[in-house]
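>>> The following comprises the amino acid sequence and a computationally predicted model.
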Amino acid sequence: MRQALMALIVAAVGLGWGVVGWAGEQKAEGLRVGTFEPRSVALAYNRSKLFQDSFGAKKAEHAKAKEAGDNDRVKQLEAEFRGQQENGHRQVFGTGPYDSLVEQLKPVLAEVAKSKDVSVIVPRVYYAKSGVQTVDVTAAILAQLKVDEKTQKIIDEMNDKIRTGEYKPEEYKGEVD
């Protein structure tokens, strides 16, 4: 009796996994995944009004702490500023990490996902099943960030240098020319 029950459970679990696998394959058909060039987006974000507004609030907090003589808070904020600048340099001139941009860019990414009809936005897709369509949404993200001509020129020059091998982000060691 116990063996028959175990066989029934194993068969039911196997059938369940088979259905889940089949359903997953069906869902992959027509799935649209947005991809973006993270260095371009990091540069655009760091030069955007979105960033300036956020940074402006921190600068005001720094000035207020300085005026109040709160040296501990001043030092803490200055350390945050240095860390933020170092992180920004790694994101633009190196290979990230880019996770710190996620929270700030959520509204931008949501709007881009909607406008480009993508279900997911990721920096890169290393593998996709047949039927999954990748869509480069970099330009749409840059447009949402309202990239100006100067920033776009810097992005284009940086990407040209990367494409030609003149610049290798993976070799970035923390110095900026």
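Structure received.

>>> In this protein, where is pLDDT below threshold?
For the chain, the stretches flagged by pLDDT under 70 are 1-29, 175-177.

>>> Show me the strands in this structure, by range?
Using DSSP state E, the strands of the chain run over 32-35, 120-122, 133-136.

>>> Need the ones you listed in CSV (columns: mean neighbour count and distance to residue 102).
All C-beta spots, glycine's among them, are computed from the backbone N, C-alpha and C. Supplementary listing: the strands of the chain in CSV, determined by neighbours: other Cβ atoms under 10 Å; distance: least, Cβ to Cβ, whole Å:
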stretch, mean neighbour count, distance to residue 102
strand 32-35, 18, 14
strand 120-122, 16, 10
strand 133-136, 14, 19
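
>>> could you dump the ones you listed to JSON lines with distance to residue 112?
Listed next are the strands of the chain as JSON lines, based on distance: least, Cβ to Cβ, whole Å:
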{"stretch": "strand 32-35", "distance to residue 112": "7"}
{"stretch": "strand 120-122", "distance to residue 112": "7"}
{"stretch": "strand 133-136", "distance to residue 112": "10"}
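
>>> Between the ones you listed, which one is closest to residue 57.
Closest approach to residue 57 among the strands of the chain (Cβ to Cβ): strand 120-122, 26.3 Å.

>>> Next up, the contacts around residue 43.
For residue 43, the contact set (Cβ atoms under 8 Å, 6 or more residues apart in numbering) comprises 92, 151, 154-155, 158.

>>> By neighbours, which of those wins?
Highest neighbour count within the contacts of residue 43: residue 92, with 24 neighbours (other Cβ atoms under 10 Å).

>>> Tell me if I'm right that it and residue 45 touch.
No: under the criterion of Cβ atoms under 8 Å, residue 92 is not in contact with residue 45, lying 9.5 Å apart.

>>> Return the residues in contact with the residue lying closest to residue 36 once chain neighbours are set aside.
In this structure, residue 36 finds its nearest non-sequential neighbour in residue 138, 4.4 Å apart by Cβ to Cβ, 6 or more residues apart in numbering. Applying Cβ under 8 Å, 6+ apart to residue 138 gives the contacts 35-37, 40-41.

>>> So which of the residues you listed is surrounded by the most neighbours?
With neighbours taken as other Cβ under 10 Å, the top of these is residue 41, carrying 27 neighbours.

>>> Not counting sequence-adjacent ones, nearest residue to that one?
residue 141 (5.3 Å).

>>> so where do the helices sit in the chain?
Using DSSP state H, the helices of the chain run over 2-28, 38-46, 49-68, 71-93, 99-116, 138-144, 149-164.

>>> Dump those into a markdown table; add distance to residue 123 as well.
Below are the helices of the chain laid out as a markdown table (distance: least, Cβ to Cβ, whole Å):
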| stretch | distance to residue 123 |
| --- | --- |
| helix 2-28 | 20 |
| helix 38-46 | 5 |
| helix 49-68 | 19 |
| helix 71-93 | 11 |
| helix 99-116 | 10 |
| helix 138-144 | 10 |
| helix 149-164 | 14 |
